[in-house]
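> Sequence plus predicted model, see below.
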Amino acid sequence: MTTTTRRTALKQIGGAFALGMGGLHWDMAKSHAQAAKRGGTLTFAISAETPHYDPHASDTFATLHFASPFYSTLLRFNLPKFPEVEGDLAQSWTVAPDLMTYTFKLHPNVKFADGTVLTSADIKATYDRLRNPPQGVVSTRKATFADIGTIETPDPLTVVFKMKALNASMLEHFASPWNVIYSAKDLAENPAAPRTKINGTGPFLFVEHVKGSHVAGKKNDTYFKNGLPYLDGWKGVFTLQAAAMLNAFQGGQVQAEFRGISPAERDRLVQTMGDKVRIEESSWTLNLLVCFNIEKKPFDDVRVRKALLMAIDRWGGSQGLSRISTLRSVGGVVRPGSPFATPEAELVKLPGFSKDIRKSREDAKKLLAEAGQSNLKFTLWNRNLAMPYTPAGVFLVDQWRQIGIEVEHKQSDTAPYLATMNAGNHDVAIDFSNLFMDDTSLGLAKYLSLSRAPENRSRSNDPELDKLYDDHLRERDVEKRKVMIRAFEKRLFDQAYQQPLLWWHRIIPTHKVVMGWKMSPSHNLGQDLGEVWLNS
Amino acid sequence: MLRYTINRVLLAIPTLIGVAVLVFFLLRIVPGDIVEVKLRGDGGSVSQETIEMERKRLGLDRPLYVQFGEWMVGMATLDFGKSMWTERPVLEEIAIRLELSLQVAIMATLIAVFIAIPLGTMAALFRDSWIDYTMRLVTIGGLSIPSFWFGMLIMLSLLALFNWLPPITFTPIYIDPIANLKQLIWPALAVGYRYCAVVARMIRSSLLEVLNEDYIRTARAKGVYEKLVISRHALRNALLPAITVIGLEFTFLIGGLVVTEQVFNLNGIGQLFVQSISRNDFTLIQGMVMLIAAFYVFVNLAIDLLYAVFDPRIRYGT
């Protein structure tokens, strides 16, 4: 059992406020100051159902909220001190001064759910799958690990990553929640096995997945972290409709929702549940993007793209949308408020961020006229999730209507929505950038050339952006790195391939009995539930 | 009767084959590709080669007549294939949800029938009285309030009055009947109200018609007790159109409760239908369409057989 001293609790609160979690509740501190109780089953809502069990191939929280409790990662983020990393399977690690070699010592006697002992071979097999997936296996993070040269396993508890190119953010990538560790034996038998089979070293063992209904886990008695987990088990109930989730939360059928709710939903819960509900808030490492498919006419014309971005009143929109949706902050390619974010004074000078919307729209009309597209009509492709995609889509349609553009708003389920964009069949889309940290090695990667970044749904290929990205990746001086990020952002917005619309604001409701769960700016982090307990 | 039943069952076979042909080929001409949606819908990059491999693995590269033939042969042995999305047997995917959907449909039917028959009968017997007006008000409410909205009112009322909500995960009735009924009684009520309104109005209007028939006047003239006139002569005949409506409504409830299922967070056939359509999961859609078609065919047969029970003048196969 772990106990937290007053000093560390205060540190955690301080760290949390530093992250911009203005509304963070004092109960978080209390949850760490109290002795954790054992037992009980946590039931929480998952507002989407994962199509498969493999986080390596996924980009949706639905997979992580489902699978994280069953798995471990090499490192993980220390949420109260975010973005500091800490060991998960790694007991300790060393990084060579030139950042070209990472050596990890693993915890001994770590067992998979099937009883086999974890060794460095499992780490190697997992990372080989991530960086070089075999035929028929999808790894959405292949590019992230392209800088790894070799992976060596000198002994069963040591794994050494040797880089072929410097990546100043590599340690954070080892803490990515998506890189869960699989069994080398399973992968050797069937590299695609993790899509349908769960065999991890996490705090919980897989019990059942009733399709369309719920997933359940039970305590892993052989979990390698002493005294953890506290819970006997958990159940994640798929609640695809926000109204059903809110009712279930209010009625006590679920005790938490870890992705995030809207301000209106928060207000309803606070009003009806009073002091039985805990609300934690934070800015969110997630934004919606306006994304033009530059392979389609007239969006191959930078003037058209730029005009459309300049017609959007982000500052006004932020005020209105933040009341009804999870959208809130105006920002560039880095989360507003985080260390590398562009200050507002600089942001307003970039195309699409002017506060003088009247002038901006006049300029936009001129650009469209120059491009011969004054009467432009197109389809805006969007996801059919009410929060916040629908209000964002409606907002954009209205913004573009104000410069005489007619837009058809087309929404579809997540899978066909992504498939359409990934196949390049869209004109203009509301895309998203779902990050788990603020580090720009992750955040900027989406905007690289399509040949390097398949998730770049504008389908642009821009060597200048690629070079700026690579240079910033190898740069260890923070100030120089900042300058490079600004240059990257300016180039991106000048070319107007895609641009953040607004950044999200995360609001998490939990019943007061739920303790030990840690708030962070990402809904992808902290979901293994190992330290969560119930005060009842 | 037996011969008639056998004939009807045999007639169901070409009907179902017709449905199979339609659903199979119509799905193939609808735009959208399950493989693209499945692999590219992950959010990751997938090469065209991987897509082709997956298409081959799922057998989608073969000529349509071969795919259709295999599917038909499989169906003949009750093997509906595997869901292209989840890779689990179609029957398994359906079975998980069918139990719940079937139970809601049965409970809603029971609620509707047990309330609608006395309600419709009383309204007809006391035509233009306050009883009739009340019944009309109640049934117009049932017809005009969407079931899902009534469901939401039920849920919010439970929350407001008792600070309680039914369970949101399904427990089969044979495992825990109390938990099961706690969850399903509410959607059954929400759906049953509209269902009841339809049936009650049908019974009222057909009973009013029957009560003016000569044979009812004759029965009364012969001095038959009024209760017997109503129950044996009038109601039995008035129920015939209501039986048809009950049968069709019941079948509709199996797969048609999409929004109500969402309100109550039910893992039913309706939700599965919508999901499989959005994912172009051909095999699952085909399986569900066949299931619902089979339900329609057999419920219609059951209705026809019930006609003979209620109306002795109807004798099949003679």
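Structure's in. What do you need?

> list the contacts for residue 301?
By default, I'm working from chain A. Taking C-beta atoms under 8 Å, 6 or more residues apart in numbering or on different chains as the contact definition, A:Asp301 lies against A:371, A:373. Using the backbone N, CA and C atoms, a C-beta is placed for each residue, glycine as well.

> switch to chain B, that's the one I care about
B:5, B:8-9, B:12.

> Skip the chain neighbours and tell me the closest residue to B:Val259.
B:Phe148 (4.0 Å; C-beta to C-beta, 6 or more residues apart in numbering or on different chains).

> In contact with the one you found, which residues are there?
Counting by C-beta under 8 Å, 6+ apart, B:Phe148 has contacts B:190, B:259-260, B:262-263.

> A:Pro388 now?
Contacts of A:Pro388 by C-beta under 8 Å, 6+ apart are A:262, A:288, A:321, A:325-327, A:504.

> Leaving out sequence neighbours, find the closest residue to it.
Using C-beta to C-beta, 6+ apart and skipping the chain neighbours, the partner closest in space to A:Pro388 is A:Ser325 (3.8 Å).

> for B:Arg28, same thing?
Using C-beta to C-beta, 6+ apart, the closest residue to B:Arg28 is B:Leu64 (6.1 Å).

> ok, A:Ser360 touching A:Val348?
No. The criterion here is C-beta atoms under 8 Å, and A:Ser360 misses it with A:Val348 at 10.3 Å.

> Report the set of residues contacting both of these two.
Contacts common to A:Ser360 and A:Val348, judged by C-beta under 8 Å, 6+ apart, are A:Ser354.

> So which of these two has more stuff around it?
A:Ser360 (21 against 15; other C-beta atoms under 10 Å in any protein chain shown).

> ok so that one is a strand residue?
No. Counting by DSSP: H, G, I helix; E, B strand; the rest coil, A:Ser360 falls outside a strand, being helix.

> measure it to chain B for me?
Distance, A:Ser360 to chain B, by C-beta to the nearest C-beta, to the nearest Å: 32 Å.

> can you tell me how far A:Ile123 sits from chain B?
22 Å.

> for A:Lys355, same thing?
34 Å.

> Could I get the contacting residues of that residue?
A:315, A:348.

> Make sure it is indeed in a helix.
No. Counting by three-state DSSP, A:Lys355 is not part of a helix but coil.

> pLDDT at it, what is it?
pLDDT recorded at A:Lys355 is 95.

> Ends of stretch A:510-526, what's the gap?
Length of stretch A:510-526, first residue to last, C-alpha to C-alpha, to the nearest Å: 15 Å.

> Would you tell me whether it gets close to chain B?
No. Judged by C-beta under 8 Å from any C-beta of the partner chain, stretch A:510-526 stays clear of chain B, getting no closer than 12.7 Å.

> mind checking pLDDT for the closest residue to chain A within the stretch 101-250 of chain B?
Distances between the stretch 101-250 of chain B and chain A by C-beta to the nearest C-beta are smallest at B:Leu165, namely 2.8 Å. With respect to pLDDT, B:Leu165 scores 89.

> for A:Ile403, same thing?
With respect to pLDDT, A:Ile403 has a value of 96.

> Quick one: residues contacting the nearest residue to it once chain neighbours are set aside.
Distances taken as C-beta to C-beta, 6+ apart put A:Ala311 closest to A:Ile403, at 4.6 Å, once the chain neighbours are dropped. Counting by C-beta under 8 Å, 6+ apart, A:Ala311 touches A:360-361, A:364, A:399-400, A:402-403, A:405.

> ranges for the strands of the stretch 101-250 of chain A?
A:101-106, A:148-155, A:158-163, A:204-210, A:214-219, A:233-238 (DSSP state E, counting those that start in this stretch).

> Can the fifth one be said to contact chain B?
Right, strand A:214-219. Yes. Looking at strand A:214-219 against chain B by C-beta under 8 Å from any C-beta, the contacts come from A:His214.
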